[in-house]
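Below are the sequence and a predicted model for it; my questions follow.
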Amino acid sequence: MKILAFTSIRSDYDLLSPLYKLLHKDTGIDLKLLVSGAHLSKEFGYTKKYIEQDGYDILCEIETLIASSSIKARIKTASILLQNAIDVVSNYQPDLILYAGDREDVMMAALIGIYLNIPTIHFYGGDHETDGHQDTYIRHAVSKLSSVHFVSTHQHKKRLEALGEDTKNIYNIGSISLDKFKDFKNQDFRTFFKRNDIEKFAVLIYHPVDGEDVKKTFLNILKVLKEKEIFTFVSYPNTDPNYEIIVDIIQSFKGDSNFIFYKNLQRDMFLSIFSQASFIIGNSSAGIYESATLKIPTINVGLRQKDREASKNVVFCKAKRKNIDKAIKKVLSQKFQKKLQRVKNIYGNGKSAQKAYRLIMTHNFRKKIPKTYDPLLKT
């Protein structure tokens with residue numbers, strides 16, 4: 001079986017990497033990755049190197065990223081991927097195409113699957129936020145374009161059914177991103193960063209979002225953390241419009257001993273930091289999906305991820321400094337810390353990659369195309 005996976009950024013790669021590992025080990029499967037976007041950008045850490053270190057076969061590298069804060073950049077990047085990937089995919093003729101999430105490249109992968117008559121599996125569909133971010137539109141649109149859905153929760157499955165998808169094509173497997181916590185190797189990050197003085201700390205991951213004063217929000221978070229003398233590892237943002245605002249602020253804080261700023265870290269190094277944090281703060285989906293597995297509090301600040309299904313370790317707060325301060329006090333309180341011990345991750349138990357692998361090996365997904373299901377005729 002020939003399987004092709006699309007990946008354009010470290011975040012979507014990590015969402016499926018435990019499954020890639022299983023598929024790669026199977027001698028009956030020829031797994032290839034089509035690599036594009038931020039993976040090939042030095043500005044964003046050239047994360048293609050991590051794919052190579054993991055030992056996966058790259059079918060093709062397509063430089064697509066237009067590194068600009070313009071609102072036109074993401075759709076231009078998508079058009080470059082579509083134009084350049086069609087012949088690559090057609091020539092390889094995979095039996096199955098995989099993609100995860102809600103960025104613009106998955107829309108292109110889904111379109112290619114439809115027009116080249118190749119079955120596709122969309123991972124992490126059915127999720128929803130009310131923040132107005134384009135990712136929500138893309139996620140639902142991609143679900144309508146995809147042959148099969150591997151979702152993370154029962155609610156996500158029900159939402160896809162409400163969108164008119166056939167329940168027979170929706171498989172609730174949990175979140176594959178949780179599987180990586182089972183076997184990562186703990187790293188000595190204090191020695192790596194030459195900061196043996198670090199004791200308790202937070203992790204800040206903040207990405208730009210439409211409709212929010214990105215500069216003010218990011219500065220508010222940094223200032224509250226500094227005022228409370230909470231040492232923090234701070235990630236660079238993703239490629240969404242206005243990321244340059246965040247990068248400029250990071251540059252202005254360089255040299256501040258209260259923070260360590262990083263672009264990309266080797267997976268085990270990042271997981272070692274993430275798993276030992278006192279809390280996660282910002283607006284990353286990693287806080288929503290993954291932190292409950294480790295029983296670590298997450299503070300989601302501002303609009304991004306608003307109303308997203310979340311475990312009880314997640315606290316949503318407004319972007320004002322007083323609200324951020326209050327949220328930090330809440331998650332560090334004895335009452336909240338005690339509640340954490342009973343938290344269960346609604347997104348799964350760390351065994352999702354095996355479920356996905358078994359489904360891929362036992363189902364003939366070519367029978368899932370074309371999609372002829374009419375939700376008006378369902379009984």
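Sure, I can see it. Being a predicted model, the structure only gives us computed values, none of them experimental.

Let me see the ranges of the helices in the stretch 1-150 of the chain.
With helices called from DSSP state H, counting those that start in this stretch, the stretch 1-150 of the chain shows them at 10-25, 48-54, 73-92, 104-115, 134-145.

and of the ones you listed, who's closest to Ile62?
Ile62 lies closest, by CB to CB, to one member of those: helix 73-92, at 4.8 Å. Bear in mind the C-beta positions are built from the backbone N, C-alpha and C, glycine included.

does the residue nearest to Ala310 when sequence neighbours are not counted sit in a helix, a strand or a coil?
Nearest non-adjacent residue to Ala310, counting by CB to CB, 6 or more residues apart in numbering: Ile288, 5.2 Å away. Under the three-state scheme (DSSP: H, G, I helix; E, B strand; the rest coil), Ile288 adopts helix.

do the same with Lys168
Per three-state DSSP, Lys168 ends up helix.

Can you give me the distance of it to Thr153?
Lys168 sits at a distance of 18 Å from Thr153 (criterion: CB to CB, to the nearest Å).

Tell me which of those two has more neighbours.
Between Lys168 and Thr153, Thr153 has the larger neighbour count (other CB atoms under 10 Å), namely 17 against 9.

for that one, what are its contacts?
Gly126, Asn172, Gly174, Glu309, Ile346, Tyr347 (CB atoms under 8 Å, 6 or more residues apart in numbering).

that's a strand at the third one, yeah?
What it means is Gly174. No: with three-state DSSP as the criterion, Gly174 is assigned coil and is not in a strand.

I'd like to know how many residues surround the residue nearest to it when sequence neighbours are not counted.
Nearest residue to Gly174, sequence neighbours excluded (CB to CB, 6+ apart): Gly348, at 2.5 Å. Neighbour count for Gly348, taken as other CB under 10 Å: 22.

Asp57 now?
Asp57 - counted by other CB under 10 Å - has 11 other residues nearby.

cool, and Gln83?
12.

Check the gap between it and Thr77 for me.
11 Å.

Pretty sure Pro208 sits in a strand.
No: per three-state DSSP, Pro208 lies outside any strand segment and is coil.

Wait, it touches Asp240, no?
Yes: the criterion here is CB atoms under 8 Å, and Pro208 meets it with Asp240 at 4.9 Å.

neighbour count winner among the two?
Ranked by neighbour count (other CB under 10 Å), Pro208 and Asp240 place Pro208 first, with 23 against 20.

Just the pLDDT for the closest residue to Lys306 other than its chain neighbours.
Spatial nearest neighbour of Lys306, excluding adjacent residues (CB to CB, 6+ apart): Asp131 at 4.3 Å. Looking at Asp131, its pLDDT stands at 86.
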